[in-house]
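1. can you look at this prediction? I've put the sequence above it.
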Amino acid sequence: MSSRTARSVVSVAPGVVFVEGPVSNWVVLAEEDGVALIDAGYPADTDLVLDTVRWAGHDLDDLRRVYVTHGHVDHVGGIPGILERFPRVEVLAHADEVDNVRGPGRQQVTPAEIGGRLAAPRVLRWLARAIASDALRPTTVPTVRAFTAADFDGRAITPLPGRRPHRRVDGVPPPGRGRDRHG
């Protein structure tokens, strides 16, 4: 049981539960052969991610795979803890993201990119929450593999390419804008 608390856990469609975690988001998805996650939060979220799988009505032994949207630590951080307990869980990402997910190096926000925004109170709050979520812990997912079209045959989700390197710093709001709510 996690000491962390989700901000919200909502069933958005049959078999689909959206979790707004302490700092990032993930989805619990019922599939024909078990349960999958879309992303897995920060490293400190592992227990909470697993709690939400149970909350959604699934047995943890039915966890089959984690689909990774992109390789930032707020999306892959919980995966190593999941794999420690459930090593048979498959981790899939778009081919463009595999190296980023595998880590430990990844395209991620840096102190230099945050620097000019530190005066904004919301950035300081976000930074404090991210650090408390073990965002600085090196995270590796050596078993990730690129998904193929066959991985989605008969499934209710459609794969799209992962994020490309971009100028906007993921998760850090630009001056005068709200927090990026993508997760």
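-> Nice, I can see it.
2. could you point out which element follows the least confident helix or strand in the chain by mean pLDDT?
-> Lowest mean confidence among the helices and strands of the chain (mean pLDDT, DSSP states H and E): helix 111-115, at a mean of 69. If you walk from helix 111-115 toward the C-terminus, the next helix or strand you reach (DSSP states H and E) is helix 121-132.
3. show the average pLDDT along that next one.
-> Regarding helix 121-132, the rounded mean pLDDT is 83.
4. which other helices and strands contact the helix or strand following that helix?
-> Read in the C-terminal direction, the helix or strand following helix 121-132 is strand 145-146, with elements assigned using DSSP H and E. Where contact means 3 or more Cβ pairs under 8 Å, 6 or more residues apart in numbering; DSSP states H and E, strand 145-146 is packed against strand 90-93. The way it works is simple: take the backbone N, C-alpha and C, and place the C-beta from them, glycine included.
5. residue ranges of the helices in this protein, please?
-> Listed in chain order, the helices of the chain (DSSP state H) span 46-55, 73-76, 79-85, 98-102, 111-115, 121-132.
6. export the second one as CSV, just CAs?
-> I take that to be helix 73-76. Included here for helix 73-76 are C-alpha records, laid out as CSV according to Å, rounded to 0.1, in the frame of the first residue of the first chain:
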residue,chain,number,x,y,z
VAL,A,73,11.0,10.0,-15.9
ASP,A,74,7.4,11.0,-15.0
HIS,A,75,6.2,8.3,-17.4
VAL,A,76,8.8,5.5,-16.9
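7. that one packs against which elements?
-> Using 3+ Cβ pairs under 8 Å, 6+ apart as the contact criterion, helix 73-76 has no neighbours among helices and strands.
8. and that helix, how far out from the chain's middle?
-> A distance of 4 Å separates the C-alpha centroid of helix 73-76 from that of its chain, computed with Cα atoms, centre = their mean, to the nearest Å.
9. give the bridge partners for Ile38, please.
-> Going by DSSP bridges, Ile38 is paired in beta bridges with Val27, Tyr67.
10. correct me, but it touches Glu31?
-> No. Ile38 lies out of contact with Glu31 (Cβ atoms under 8 Å); the separation is 11.0 Å.
11. the two: which has the busier surroundings?
-> Looking at Ile38 and Glu31 with other Cβ atoms under 10 Å, you find the greater number of neighbours at Ile38, namely 20 against 15.
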